[in-house]
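Asks: here is my input; please provide its structure:
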Amino acid sequence: MKNIKLINGMKFSILAILVLAVFSCVDDDYDMGNITNPSNLSIDHEIVGATQDMPDGDGSGEVQFTANAEGAITYKFIYGDGFEDVSSTGAVTHSFSGNGVNDYNVTIIASGAGGAISSMSTEVTVFSSFDDPETKQLLTGGDTKTWYVAAAQQAHLGVGPVDGDMPSYYAAPPFDKLANTCFYNDELVFSLNGENIIYELNNMDATFFNASYNADFGGGGPDDQCLPLDTSGEKNVSLSAATSGIGRSTGTSLNFGGGGFMSYYIGTSTYEVLSISENAMEVRAIPGNDPALAWYLKFT
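Replies: As a prediction, the model looks like this:
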């Protein structure tokens with residue numbers, strides 16, 4: 001059999017080269033798995049507080065949605081008011097904040113194996129009576145206002161039990177997180193566009209993560225840490241009635257669309273406003289992975 005002489009002096013037979021080529025092709029033939037379209041997608045919704053006399057609800061603006069489809073892995077809810085949710089169970093509750101009685105076109109996208117999707121839409125009519133013009137004004141200054149972590153204050157970051165209203169487990173002393181400079185660099189920009197609140201988090205390309213989320217974002221170890229995260233882009237913010245029932249509260253919650261959050265990442269987009277003035281704000285939030293805790297943040 002004829003040999004081919006390579007530049008480096010090594011010799012291989014034509015048969016050997018063909019065998020290598022065949023195995024190389026086999027190695028590149030990856031199994032992408034089955035693609036399964038979710039089928040029989042259905043959606044039900046219940047308006048909280050709806051009665052025969054008040055079919056559009058009790059004014060809370062809350063609607064409970066339940067989606068179901070054969071072969072679905074996740075469900076994405078697009079509410080038509082600038083907010084979205086993703087659920088693995090298909091069950092979510094959303095608070096519509098538009099004052100008065102409003103119609104919303106809600107789209108549900110069910111995703112199956114291999115990325116295949118099915119979708120459908122439904123219209124809901126909801127009554128919301130909640131309004132807090134004072135918080136809206138203080139948060140945005142009536143135009144645009146930038147908030148920062150109140151690093152110089154005691155308990156600018158803290159945690160306590162969910163049934164309390166104080167960071168009794170841990171309260172950070174002034175400048176306690178200087179080693180994690182990304183936390184103190186954050187700029188939280190709230191703007192008023194007509195009656196709508198717009199939010200931008202400028203995190204200088206890195207966010208301070210609660211340790212329980214480190215592994216989900218490329219980190220590791222038992223301590224909170226700064227990790228790269230792109231937070232660019234505007235997020236919608238709505239105001240709704242707080243539901244915690246604690247005494248130390250304004251009674252208003254901030255709800256961030258598009259997965260928005262306030263500086264310290266704990267897997268939530270809802271923050272109860274405990275106090276707010278022209279230049280100070282304290283909020284409380286329940287982390288997404290531990291409903292027994294409540295985290296506290298102070299801003300200036």
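Asks: all helices of the stretch 51-200 of the chain, in order?
Replies: With DSSP state H, counting those that start in this stretch, the ranges of helices along the stretch 51-200 of the chain come out as 133-140, 181-185.
Asks: so which of the ones you listed gets nearest residue 203?
Replies: Across those, residue 203 has its closest neighbour in helix 181-185 (6.7 Å, C-beta to C-beta). In short, each C-beta sits where N, CA and C put it, glycine included.
Asks: one step back: among the helices of the stretch 51-200 of the chain, which is nearest residue 160?
Replies: helix 181-185 (19.3 Å).
Asks: how far away from the center of its chain is the closest one?
Replies: Distance, stretch centre to chain centre, for helix 181-185: 20 Å (C-alpha atoms, centre = their mean, to the nearest Å).
Asks: do the same with stretch 180-189
Replies: Stretch 180-189 has its C-alpha centroid displaced from the chain centroid by 18 Å (C-alpha atoms, centre = their mean).
Asks: which parts of that stretch are buried?
Replies: 180, 182-186, 188 (16 or more other C-beta atoms under 10 Å).
Asks: next: stretch 101-112.
Replies: Neighbour-count burial for stretch 101-112 [16+ other C-beta under 10 Å]: 102, 104, 106, 108-112.
Asks: of those, which belong to strands?
Replies: Within those, residues falling in strands by DSSP state E are 102, 104, 106, 108-111.
Asks: the residues you listed into a markdown table, with extra columns for pLDDT and distance to residue 34?
Replies: Formatted as a markdown table, those follow (pLDDT from 0 to 100; distance: C-beta to C-beta, whole Å):
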| residue | pLDDT | distance to residue 34 |
| --- | --- | --- |
| 102 | 94 | 42 |
| 104 | 96 | 35 |
| 106 | 97 | 30 |
| 108 | 97 | 23 |
| 109 | 97 | 19 |
| 110 | 96 | 16 |
| 111 | 95 | 14 |
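Asks: for those residues, which one is nearest residue 119?
Replies: The shortest approach to residue 119 among these belongs to residue 109, at 4.5 Å (C-beta to C-beta).
Asks: what sits against that closest one?
Replies: 75-76, 78, 117-119 (C-beta atoms under 8 Å, 6 or more residues apart in numbering).
Asks: contacts only, for the spatially closest residue to residue 218 that is not a sequence neighbour.
Replies: Leaving aside its sequence neighbours, residue 218 sits nearest to residue 227 (C-beta to C-beta, 6 or more residues apart in numbering; 6.1 Å). Under the criterion of C-beta under 8 Å, 6+ apart, the contact list for residue 227 reads 206-207, 209, 214, 217-219.
Asks: tell me the spacing between residue 285 and residue 143.
Replies: As judged by C-beta to C-beta, to the nearest Å, residue 285 and residue 143 stand 26 Å apart.
Asks: can you pick out the residue with more neighbours from the two?
Replies: residue 285 (22 against 9; other C-beta atoms under 10 Å).
Asks: any regions of the stretch 201-300 of the chain where pLDDT drops low?
Replies: Within the stretch 201-300 of the chain, not a single segment meets pLDDT under 70.
Asks: again, 90 this time
Replies: 243, 247, 258 (pLDDT under 90).
Asks: which one (most neighbours) among the contacts of residue 227?
Replies: Neighbour-wise, the contacts of residue 227 (other C-beta under 10 Å) top out at residue 209, 26 neighbours.
Asks: from what I can see it touches residue 226, true?
Replies: Yes: in this structure, residue 209 is within contact of residue 226 by C-beta atoms under 8 Å, at 7.5 Å.
Asks: show me what contacts the residue nearest the centre of the chain?
Replies: Nearest residue to the geometric centre of the chain (C-alpha atoms, centre = their mean): residue 259, 2.4 Å. Counting by C-beta under 8 Å, 6+ apart, residue 259 touches 235, 269.
Asks: buried subset of the contacts of residue 109?
Replies: Buried members of the contacts of residue 109, counted by 16+ other C-beta under 10 Å: 75-76, 78, 118.
Asks: how much space separates residue 296 from residue 170?
Replies: From residue 296 to residue 170 the distance is 10 Å (C-beta to C-beta).
Asks: give me the common contacts of these two.
Replies: Common neighbours of residue 296 and residue 170, counting by C-beta under 8 Å, 6+ apart, are 158-160.
Asks: could you dump the residues you listed to JSON lines with neighbour count and pLDDT?
Replies: JSON lines is the format used below for those (neighbours: other C-beta atoms under 10 Å; pLDDT from 0 to 100):
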{"residue": "158", "neighbour count": "20", "pLDDT": "98"}
{"residue": "159", "neighbour count": "19", "pLDDT": "98"}
{"residue": "160", "neighbour count": "19", "pLDDT": "98"}
